[in-house]
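**Q** could you look at this predicted model? Sequence included:
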Amino acid sequence: MKTSRGIVILLNAASVATLTYAVTHTNSPLTPFRTTNTRGGYIIDTVGDTLGQARPENTRLIIRVFAPDKKIVKPAQIALADKSGALINPVFREDRKVGHEENTGLPISISPQAGSNGISVGGVGVDLNKVFGPQGSYAYTKADWPKSIFTGDKRLQITLANGQTLSLPLTSIAK
């Protein structure tokens, strides 16, 4: 009886060790999730490909960087850095403009207003950005890397136009 209990305990310990190794193993591809990080006064907002538009062999990351004054900053370079410091540029990068969101829908907007009878429809307007296309300034960047290299041993490195570099471990923005 004691031998069988010892074997069960040993097997349980081995399975926990295997699961821990699988979770912390740095060579398995990661999947980005929505997160916000702060580096040097800059706010880095990232999210994965929520619309499934990236090629199946790629991992897409959507990035917005806010300066200390809360204005959106367009990165000069976005890359993954490996342990040796070598940079891996994305296989695809696109900087998007305000009003060029993927899920724009109809160009009509309705603004509700509170009245004495509860909420009623106030004004109906037309969003000209949605009608005439992207006319605004920079809004965000989409970048794709092969899934096989989007692993926990890499860092996301964002270089700004002023030369400042912001760096995040991929494990802080993907699991």
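**A** The structure has been received and is ready for your questions. Numbers count the residues shown, from 1 in each chain.

**Q** ranges for the helices of the protein?
**A** For the chain, the helices defined by DSSP state H cover 2-24, 128-132.

**Q** state the mean pLDDT of the last one.
**A** Put plainly, it is helix 128-132. Mean pLDDT, helix 128-132: 50.

**Q** equivalent analysis for the first one, please.
**A** Along helix 2-24, the predicted confidence averages to a pLDDT of 48.

**Q** same question for stretch 156-175.
**A** Average pLDDT, stretch 156-175: 96.

**Q** pull out the buried positions in it.
**A** Neighbour-count burial for stretch 156-175, counted by 16 or more other Cβ atoms under 10 Å, picks out 156-160, 166, 168, 170, 173-174. (Each C-beta comes from the backbone N, C-alpha and C, glycine too.)

**Q** would you map the strands across this protein?
**A** For the chain, applying DSSP state E gives strands covering 35-39, 42-48, 58-66, 72-73, 77-81, 87-88, 92-97, 108-115, 118-126, 138-146, 155-159, 165-169.

**Q** how close does residue 148 get to residue 164?
**A** Distance of residue 148 to residue 164, computed by Cβ to Cβ, to the nearest Å: 30 Å.

**Q** over to residue 88?
**A** Using Cβ to Cβ, residue 88 is found at 20 Å from residue 164.

**Q** please apply the same query to residue 157.
**A** Counting by Cβ to Cβ, the gap from residue 157 to residue 164 is 11 Å.

**Q** quick check: residue 29 touching residue 59?
**A** Yes - counting by Cβ atoms under 8 Å, residue 59 is a contact partner of residue 29 at 6.8 Å.

**Q** shared neighbours, these two?
**A** Here residue 29 and residue 59 share the contacting residues 147, 150, scored by Cβ atoms under 8 Å, 6 or more residues apart in numbering.

**Q** out of the two, which sits in the more crowded spot?
**A** Ranked by neighbour count (other Cβ atoms under 10 Å), residue 29 and residue 59 place residue 59 first, with 24 against 15.

**Q** residues in a beta bridge with that one, which ones?
**A** When bridges are called by DSSP bridges, residue 59 pairs up with residue 145.

**Q** ok, it touching residue 33?
**A** No - applying Cβ under 8 Å as the test, residue 59 and residue 33 come out as separate, 11.8 Å apart.

**Q** overlap in contacts of these two?
**A** Among the neighbours of residue 59, those also in contact with residue 33 (Cβ under 8 Å, 6+ apart) are 48, 174.

**Q** so what does residue 163 look like in phi/psi?
**A** Here is the backbone geometry of residue 163 (degrees, to the nearest 10): phi 90, psi -10.
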